[in-house]
Structure formats: C-alpha cells, structure tokens
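Visitor: Need coordinates for the following:
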Amino acid sequence: MKRISSVIPKEVDIMGRIYRVVFPYTFATNSTYVGIHDNCERCIKLTDMVEGEKIPIPILHTTFLHEILHGIVSFFTTEETYAVTEEVIDGLASGIYQVIVENNLYRGEIPKQLKVGAYIYNIAYPYKFIDEDDAAMSINNACGKIFISNLGTMDFKLCRLTNAICNAVYCIYCGGRSISELNFNIGEGVYNTIRVNGLDKLFKKYSYKGVIGNASKKVR
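Guide: As a prediction, the model looks like this:
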C-alpha cells in the first residue's frame with residue numbers, strides 16, 4: 001500500500017498498469033472539463049479549477065475515481081465490448097466514493113452494516129449457504145441484505161464485500177438491477193485498486209475538507 005502524501009497522487013496502479021497522474025492540468029479546449037483518462041498514454045489528467053472556481057476536494061476525488069473506473073473498465077474489456085456509458089461511470093464513482101467515506105471498511109473485518117446512499121444494508125457474516133458449499137457472497141438489493149460466507153482469507157472476503165458494494169451502488173446510483181449486466185467483474189478491479197493504492201484512506205482523510213488552497217494546512 002502506498003503512503004498518502006498528497007491530495008492527488010502522482011501515479012496510480014490499476015490492475016498492474018501504472019498510470020501517471022497529471023495534476024493540476026489545464027484543459028485548453030474545454031474549460032468545463034475536470035478530468036480525462038488516456039488508456040494509450042497510461043495517463044489521468046485532472047484540473048483543480050473550473051470556470052475560475054476551485055474544485056472541492058471530495059468532488060476532485062470523485063472525479064479521480066471516475067477516471068480510475070475508466071482504467072478498470074479498459075483492463076477488463078476491449079473496444080468491441082466496451083459498453084459502459086459515462087452516466088454509469090458517474091453513478092459508480094459517486095456511489096463507491098460515498099460508501100468508502102461514510103463506512104468503516106477495509107480494516108481487516110467484515111462490518112455488520114453498510115450505508116449505500118440513503119439505504120442501510122445489513123450484512124450476514126459468516127453466512128452458511130445451504131445449497132452451495134462454494135458460494136462466497138450473495139446480495140438482495142430489494143431487502144437490503146448482503147450475505148458473505150466464511151470461505152477463504154479475509155482478503156478474499158473483503159473482495160467479495162467490494163463486489164457487493166459495486167452491485168448495490170449499480171442498483172441505487174445507476175438504476176440497474178445487477179452488476180452482472182456489465183459482463184465483467186468490476187468489483188475485483190475496484191478492490192484491487194483501492195487496496196494497492198490506499199484510496200480508502202486517501203478519500204476518508206480529505207472527505208470533509210474544502211478546496212486544496214484552504215485545506216492544505218488543516219490536514220495532518
């Protein structure tokens with residue numbers, strides 16, 4: 001896990017692909033752009049200002065996560081199968097960011113509850129799947145329940161928890177029914193990228209700060 005030394009890191013590891021992060025970047029062609037992902041150049045560019053106004057850190061981090069999700073999608077898909085819209089990426093980024101900053105996650109244990117948007121999901125763990133001995137996780141969005149078995153290491157279970165988070169976020173923030181509609185395991189990529197880069201700690205550390213110029217001296 002990388003040490004947190006700044007609001008935006010200089011690089012990010014996405015499934016073993018190292019992306020250079022250019023921040024702050026000035027978009028010459030469109031002053032309303034906040035971020036862009038360039039898979040060919042392995043680069044993410046983010047600005048700290050739009051139309052003369054500084055961007056609050058939580059919005060900046062959500063945009064950073066948005067571009068990271070583009071990188072995860074490009075890892076698991078090809079141009080021919082790439083069918084994830086900007087609206088879905090927006091919803092996933094906003095939802096996953098909210099879940100990270102408003103819950104105590106990735107601390108070596110499975111929480112009892114999870115707040116996703118305005119909803120509370122109860123987590124049954126360790127859960128025994130009667131009909132499937134090798135089942136690791138199940139989610140019921142209609143009832144707000146997540147079931148995680150005792151199968152595997154804690155790292156494996158936290159990855160399954162992240163799968164459930166992505167599923168719940170997709171349902172609540174993106175209007176989908178199941179994350180399986182995306183046809184690839186985005187939860188695996190999200191968990192790996194969070195764990196390797198320490199994004200959960202980064203986002204929580206700055207989640208209640210203002211813009212960078214005003215927040216830099218307040219952050220310890």
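
Visitor: quick one, what contacts the residue positioned nearest the centre of the chain?
Guide: A centroid search over the chain (CA atoms, centre = their mean) returns Ile96, at 4.5 Å, as the residue closest to the centre. Contacts here follow CB atoms under 8 Å, 6 or more residues apart in numbering; on that basis Ile96 touches Leu65, Leu69, Ile165, Cys166, Val169, Val190. (Glycine included, C-beta is placed from N, CA and C.)

Visitor: Which helix or strand lies directly C-terminal to the helix or strand harbouring it?
Guide: Under the criterion of DSSP states H and E, Ile96 resides in helix 86-102. Using DSSP H and E, the next helix or strand after helix 86-102 towards the C-terminus is strand 113-116.

Visitor: What mean pLDDT does that following strand get?
Guide: Across strand 113-116, the average pLDDT comes to 97.

Visitor: what's the next helix or strand after that strand packed up against?
Guide: Per DSSP H and E, strand 113-116 leads on to strand 119-124 as the next helix or strand towards the C-terminus. Contacts defined by 3 or more CB pairs under 8 Å, 6 or more residues apart in numbering; DSSP states H and E place strand 119-124 against strand 113-116, strand 145-148, helix 154-174.

Visitor: what do you get if the cut-off is 7 Å, keeping everything else the same?
Guide: Here strand 119-124 touches strand 113-116, strand 145-148, going by 3 or more CB pairs under 7 Å, 6 or more residues apart in numbering; DSSP states H and E.

Visitor: Within the sheet, what are the partner strands of the first one, with directions?
Guide: It stands for strand 113-116. Its sheet considered, strand 113-116 pairs with strand 119-124 (antiparallel) by DSSP bridges.

Visitor: Flag every buried residue along the partner strand.
Guide: Within strand 119-124, the residues that count as buried by 16 or more other CB atoms under 10 Å are Tyr121, Ile123.

Visitor: where does this protein have low pLDDT?
Guide: 1-5, 30-31, 79-83, 132-134, 183-184, 211-220 (pLDDT under 70).

Visitor: Assign Tyr33 to helix, strand or coil.
Guide: coil (DSSP: H, G, I helix; E, B strand; the rest coil).
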